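> okay, structure incoming, though there's no sequence with it:
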């Protein structure tokens with residue numbers, strides 16, 4: 001074997017060893033990045049579960065508040081249709097009218113979702129069923145926000161007419177802890193009985209939005225949150 005032939009084999013061997021080292025380094029780096037991505041994905045999913053817990057608690061509160069509004073509206077309509085609108089009934093009627101339109105808000109915790117959507121890390125969610133369920137949950141938030149806006153617009157109209165119809169300033173005052181040394185029991189709490197029909201129409205419209213759209217949307221979103229939590233826990237063994 002010539003010296004030139006030996007040197008050629010050594011060059012080939014050295015080149016092969018360098019190639020193998022580069023390939024192994026590339027594979028090792030991919031494995032390392034994949035492990036880091038998996039850890040980041042797991043961290044995001046743990047955070048998402050915590051956010052969903054908060055969302056669920058908030059929605060349960062909103063559902064309870066909306067159900068109370070609906071219950072007060074039922075009693076209000078019963079009194080009105082029975083003609084109980086005199087001075088003696090006016091205080092209770094005014095209170096029911098006020099409570100029929102209390103505000104109902106729900107604020108979703110976007111701590112994790114905003115990071116997933118805005119930083120491009122949504123790509124790390126490797127389980128298709130989880131990714132699809134997240135998208136459904138977020139899309140339904142948009143739908144629920146639209147229903148809330150519709151409810152709030154209707155509620156504001158009911159409120160505007162209500163302030164022309166009833167004496168509500170005392171309820172707000174006392175509700176905030178105000179103290180007043182005046183006999184309020186003999187007062188007529190209906191300012192203008194000619195406004196009652198319009199107020200009841202506005203309240204009926206609010207009732208319709210609450211029962212047929214808002215409470216259904218809240219319950220649907222809450223159920224989605226619960227299902228998504230269970231799916232994430234199962235998929236990531238949390």
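Okay, I see it. In this text, all values refer to a predicted model and were calculated from it rather than measured experimentally. Numbers count the residues shown, from 1 in each chain.

> for residue 46, what are its contacts?
236, 238 (CB atoms under 8 Å, 6 or more residues apart in numbering). (Glycine included, C-beta is placed from N, CA and C.)

> distance of it from residue 14?
According to CB to CB, to the nearest Å, residue 46 stands 48 Å off from residue 14.

> next one: residue 163
90 Å.

> higher neighbour count, these two?
residue 163 (14 against 10; other CB atoms under 10 Å).

> all helices for this structure, in order.
3-81, 87-99, 111-118, 128-165, 169-175, 196-209, 215-235 (DSSP state H).

> the shortest one: which residues count as buried?
Read it as helix 169-175. 170, 171 (16 or more other CB atoms under 10 Å).

> and residue 121, how many neighbours?
15.

> with distance to residue 187 and mean pLDDT added, can I get the helices of the chain in JSON lines?
Listed next are these as JSON lines, based on distance: least, CB to CB, whole Å; pLDDT from 0 to 100:
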{"stretch": "helix 3-81", "distance to residue 187": "18", "mean pLDDT": "82"}
{"stretch": "helix 87-99", "distance to residue 187": "7", "mean pLDDT": "95"}
{"stretch": "helix 111-118", "distance to residue 187": "49", "mean pLDDT": "87"}
{"stretch": "helix 128-165", "distance to residue 187": "15", "mean pLDDT": "96"}
{"stretch": "helix 169-175", "distance to residue 187": "8", "mean pLDDT": "81"}
{"stretch": "helix 196-209", "distance to residue 187": "17", "mean pLDDT": "98"}
{"stretch": "helix 215-235", "distance to residue 187": "34", "mean pLDDT": "97"}
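
> quick one, which of these is nearest to residue 190?
helix 87-99 (4.7 Å; CB to CB).

> elements contacting the closest one?
Applying 3 or more CB pairs under 8 Å, 6 or more residues apart in numbering; DSSP states H and E, we find helix 87-99 packed against helix 3-81, helix 128-165, helix 169-175.

> how far does it sit from its chain's centre?
Centre-to-centre, helix 87-99 and its host chain are 32 Å apart (CA atoms, centre = their mean, to the nearest Å).

> hang on, the earlier thing: so which of the helices and strands packed on helix 87-99 is nearest residue 218?
Shortest distance between residue 218 and these, using CB to CB, is found for helix 3-81: 5.1 Å.

> spatially nearest residue to residue 108 (excluding sequence neighbours)?
residue 55 (5.4 Å; CB to CB, 6 or more residues apart in numbering).

> so residue 194 versus residue 69, what's the distance?
Residue 194 is 25 Å from residue 69, by CB to CB.

> which of these two has more residues huddled nearby?
Taking other CB under 10 Å, residue 194 and residue 69 do not tie; residue 69 has more neighbours (24 against 9).

> residue 148 against residue 106, yeah?
Yes: using CB atoms under 8 Å, residue 148 is in contact with residue 106, at 7.2 Å.

> ok, residue 89 touching residue 79?
Yes: applying CB under 8 Å as the test, residue 89 and residue 79 come out as touching, 6.5 Å apart.

> got the phi and psi for the most centrally placed residue in the chain?
Note on the chain: the residue nearest the mean C-alpha position is residue 108, at 4.0 Å, using CA atoms, centre = their mean. Backbone dihedrals for residue 108, given as degrees, to the nearest 10, come out at phi -80, psi 140.
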